[in-house]
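Colleague: Let's see this in three dimensions:
(chains A and B)
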Amino acid sequence: MTVRVRFAPSPTGKPHVGNIRTAIFNWLYARHRGGKFILRIEDTDRERYSPEALKNLLETLRWLKLDWDEGPEVGGEYGPYFQSERLDIYHRYAQELVDNGYAYYCTCSKERLDRIRKEAEAKGLPPRYDRHCRELGIKGNPTDTDKVIRFKIPLEGTTTFHDEIRGDIRFENKSLDDFVILKSDGFPTYHFANIVDDHLMKVTDVMRAEEWIPSTGKHILMYRAFGWEPPRFCHLPIILGADRSKLSKRHGAVDVLEYRNMGILPEALLNFLTLIGWSPGTEQEIFSTEELIRLFDKDGINPASGVFNLDKLVWMNSEYIHKMDDEKLLEKLTPLIHQRGWSGFSREYLIHIVSLMKTRMRLLNDFVELAPYFFEEPTQYDEKGVRKHFKKEGAKKRLNLILRAFDRLGNFNEETTEKAIRALAEETGTAAKFFIHPTRLAVTGMTFGPGLFEILATLGKQKSISRIKRAVEFIEKNCEIC
RNA sequence: GCCGCUAUCGUCUAGUGGUUAGGACACCGGCCUCUCACGCCGGCAGCAGGGGUUCGACUCCCCUUAGCGGUACCA
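Modeller: You can find the predicted model right below:
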């Protein structure tokens, strides 16, 4: 039978790296086995629902190139794929459970529930529903707004399921609650909708976050009540923040699209996230998506939760940037260049700058942060640099020597500029770096970057000279010692 | 509280009874060099604790501890 897995997010907020990692594992597994990846929207909580969240979710999946075979916008033969459009299905199956004695209507008020919960807590007992309505035989309809339907947990015995990466897990039925399967607003709860849909959509493998382990016992009991064969279960480790608690806002960026904004490539994020909780058993770190599909399988999944390490993500991103060819990289950079309002530069010029900057970039955004001087005049000089290279005995004199030498240059390129400066160093008996550093600061405003002669050649004679002249004026105005 | 999951360098991990416990990120040296980055070379650093089982445990079992999760008409 062909593998069918699903990613079933709830559209209530921005897609979180933890949720998306679950999507990635499901997607990789489906692609590895040549199966189907189903996207199902669990929008059964009307209070937390947000249309914006759905939009962000689809955008995130598309950005990461996690395509789905069935689900929103693509359809499929087991739809609808929005749970809010399947209410009649849940009603039918919930009523079936009631009719067969596996579930019951409950009219307990919110107030009563709160009260018994508080009482139980006060006595140090587990806060559980007291099964008040279990044997009352209350009649009703799934659409009744004054009732819920609860599942009847067997009073005795144990329920066991096999987790494919953790082994057998067992629960005492006594520890399970008569949980609600259909809410008074007519919507199902997660537990119920989840198993009905997984069954109806012929899901073969449930791969979800480990926070679902404690409720899997309930799910198994429902499968049994329906007489359905449960899917295989595999509970995935979760992603933690630096302090080892569940990753959240206070750990910094958690929304996947924030990483896009920061200049992370989707391939790098996919690679990175896959390697939290999964390993192919080799020492390879960088994988193309095709390789991941080929190598990914359940047996490489680590049961322990892992910490999200931004440094490593950034390193990985730099590996992708460095390996990318200049044309491809320029394509990724073009929107950022436009954002800065830089236009009118030839493709040839841009490609050249990309080639100069590539090994210096770790994030896409670094390009515009680290090399603005290729696009506009420096508006200020690095403060430390000024102290080190401008406020120095003879700095002005050396820049003036350079101006004179450059002015005489017919061909202004890497070789001729370097030759000129080294010659000056020789003549004046000064180390070349005392010419190089102030010149760099003069033309870029910065103290670091590509080789100076590459910069000069790229900028050209006219811009180089005018920028050095401006620096000389700056020195005259601001530095007494020279 | 109760239930459950987990446990190898700071972090991500390899390891499935016999290894000098391997790799990667980060960090620290060095080389290269006009700076920065890349690259290369080297270094620091780990089996949570205690009991078993075994000729032999990082590896298997139990307990403890710690971390995390669940305990809703949220998912």
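Colleague: got a list of contacts for the helix-or-strand element of chain A with minimal mean pLDDT?
Modeller: Lowest by mean pLDDT, DSSP states H and E among the helices and strands of chain A is helix A:110-122, with a mean of 87. Helix A:110-122 is contacted from outside by A:126-130, A:132, using CB atoms under 8 Å, 6 or more residues apart in numbering. C-betas here are computed from N, CA, C, even on glycine.
Colleague: A:Met207 in helix, strand or coil?
Modeller: Secondary structure, DSSP: H, G, I helix; E, B strand; the rest coil: A:Met207 is strand.
Colleague: Relative to A:Arg250, how far out is the residue in the stretch 351-482 of chain A positioned nearest to RNA strand B?
Modeller: Per CB to the nearest atom of the strand, A:Gly451 is where the stretch 351-482 of chain A lies closest to RNA strand B, at 2.6 Å. Noted for A:Gly451: a distance of 42 Å to A:Arg250, by CB to CB, to the nearest Å.
Colleague: So between the two, which is more surrounded?
Modeller: Each of A:Gly451 and A:Arg250 has its neighbours counted (other CB atoms under 10 Å); A:Gly451 has more, 13 against 9.
Colleague: got the contact list for that one?
Modeller: For A:Gly451, the contact set (CB under 8 Å, 6+ apart) is empty.
Colleague: go on, A:Leu313?
Modeller: By CB under 8 Å, 6+ apart, A:Leu313 lies in contact with A:259, A:264, A:268-269, A:272.
Colleague: Could you say which helix or strand holds it?
Modeller: Per DSSP states H and E, A:Leu313 falls inside helix A:310-323.
Colleague: At which residues are the helices of the stretch 51-200 of chain A located?
Modeller: Taking DSSP state H, counting those that start in this stretch as the criterion, the stretch 51-200 of chain A carries its helices at A:51-63, A:87-99, A:110-122, A:190-200.
Colleague: Using CSV, please lay out these together with distance to A:Arg387 and mean neighbour count.
Modeller: As requested, those are exported to CSV (distance: least, CB to CB, whole Å; neighbours: other CB atoms under 10 Å):
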stretch, distance to A:Arg387, mean neighbour count
helix A:51-63, 44, 17
helix A:87-99, 71, 17
helix A:110-122, 65, 12
helix A:190-200, 62, 21
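Colleague: Which of those helices sits closest to RNA strand B?
Modeller: With CB to the nearest atom of the strand as the yardstick, what comes closest out of the helices of the stretch 51-200 of chain A is helix A:190-200 (3.5 Å).
Colleague: Now do that closest one and strand A:205-209, the angle between them.
Modeller: Relative orientation of helix A:190-200 and strand A:205-209, computed by axes from the mean of the first three to the mean of the last three CA atoms, to 10 degrees: 150 degrees.
Colleague: helices or strands up against helix A:190-200?
Modeller: Here helix A:190-200 is seen to pack against helix A:87-99, strand A:180-182, helix A:213-226 when contacts are counted using 3 or more CB pairs under 8 Å, 6 or more residues apart in numbering; DSSP states H and E.
Colleague: Mean pLDDT and distance to RNA strand B for those - can I get that in TSV?
Modeller: Formatted as TSV, the helices and strands packed on helix A:190-200 follow (pLDDT from 0 to 100; distance: least, CB to the nearest atom of the strand, whole Å):
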stretch	mean pLDDT	distance to RNA strand B
helix A:87-99	97	11
strand A:180-182	97	4
helix A:213-226	97	3
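Colleague: Let me have the ones you listed in TSV, extended by distance to A:Val203.
Modeller: Listed next are these as TSV, based on distance: least, CB to CB, whole Å:
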stretch	distance to A:Val203
helix A:87-99	15
strand A:180-182	18
helix A:213-226	12
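Colleague: To A:Ala30, which of those lies closest?
Modeller: With CB to CB as the measure, helix A:213-226 is the member of the helices and strands packed on helix A:190-200 nearest A:Ala30 (21.0 Å).
Colleague: Could you list every helix and strand in contact with that closest one?
Modeller: On a contact count with 3+ CB pairs under 8 Å, 6+ apart, helix A:213-226 meets helix A:87-99, strand A:148-151, strand A:158-163, strand A:167-172, helix A:190-200, strand A:232-236.
Colleague: and it with strand A:167-172, angle?
Modeller: Going by the same axes, to 10 degrees, helix A:213-226 makes 80 degrees with strand A:167-172.
Colleague: ok now helix A:213-226, how far from the chain's centre?
Modeller: 31 Å (CA atoms, centre = their mean, to the nearest Å).
Colleague: mind listing what's buried in it?
Modeller: Going by neighbour count (16 or more other CB atoms under 10 Å), the buried part of helix A:213-226 is A:213, A:215-223, A:225-226.
Colleague: Off-centre distance for the helix holding A:Leu313?
Modeller: 14 Å.
Colleague: for it, which positions count as buried?
Modeller: Within helix A:310-323, the residues scored as buried using 16+ other CB under 10 Å are A:313-314, A:316-318, A:320-321.
Colleague: Tabulate those residues in TSV, adding columns for pLDDT and distance to A:Lys36.
Modeller: Formatted as TSV, the buried residues of helix A:310-323 follow (pLDDT from 0 to 100; distance: CB to CB, whole Å):
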residue	pLDDT	distance to A:Lys36
A:Leu313	97	30
A:Val314	97	34
A:Met316	98	29
A:Asn317	98	31
A:Ser318	98	35
A:Tyr320	98	29
A:Ile321	98	34
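Colleague: near RNA strand B, from the residues you listed?
Modeller: Checked against RNA strand B using CB under 7 Å from any atom of the strand, the buried residues of helix A:310-323 yield the following neighbours: A:Ser318.
Colleague: Could you verify that A:Val5 is part of a strand?
Modeller: Yes. The assignment for A:Val5 by three-state DSSP puts it in a strand.
Colleague: quick revisit: show the pLDDT at the residue of the stretch 351-482 of chain A closest to RNA strand B.
Modeller: If you check A:Gly451, the pLDDT there is 97.
Colleague: now the helices for the stretch 301-450 of chain A?
Modeller: Ranges of helices within the stretch 301-450 of chain A are A:310-323, A:326-339, A:347-357, A:366-370, A:383-385, A:395-408, A:414-428, A:433-444, based on DSSP H, counting those that start in this stretch.
Colleague: Can you redo those as a markdown table, where the extra columns are distance to A:Arg117?
Modeller: Formatted as a markdown table, the helices of the stretch 301-450 of chain A follow (distance: least, CB to CB, whole Å):
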| stretch | distance to A:Arg117 |
| --- | --- |
| helix A:310-323 | 40 |
| helix A:326-339 | 52 |
| helix A:347-357 | 60 |
| helix A:366-370 | 53 |
| helix A:383-385 | 61 |
| helix A:395-408 | 76 |
| helix A:414-428 | 76 |
| helix A:433-444 | 66 |
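Colleague: which of these sits most buried?
Modeller: Of those, the one with the most neighbours on average (mean count of other CB atoms under 10 Å) is helix A:433-444, at a mean of 22.
Colleague: Can you give the distance of that helix from its chain's centre?
Modeller: Chain-centre distance of helix A:433-444: 40 Å, with CA atoms, centre = their mean.
Colleague: which intervals of the stretch 201-350 of chain A have sub-threshold pLDDT?
Modeller: Within the stretch 201-350 of chain A, no stretch has pLDDT under 70.
Colleague: Show me what from it comes close to RNA strand B.
Modeller: Going by CB under 7 Å from any atom of the strand, the residues of the stretch 201-350 of chain A near RNA strand B are A:210-215, A:235, A:237-238, A:240, A:243-246, A:275-279, A:281, A:283, A:285, A:300, A:302-307, A:309, A:311-312, A:315, A:318-319, A:322.
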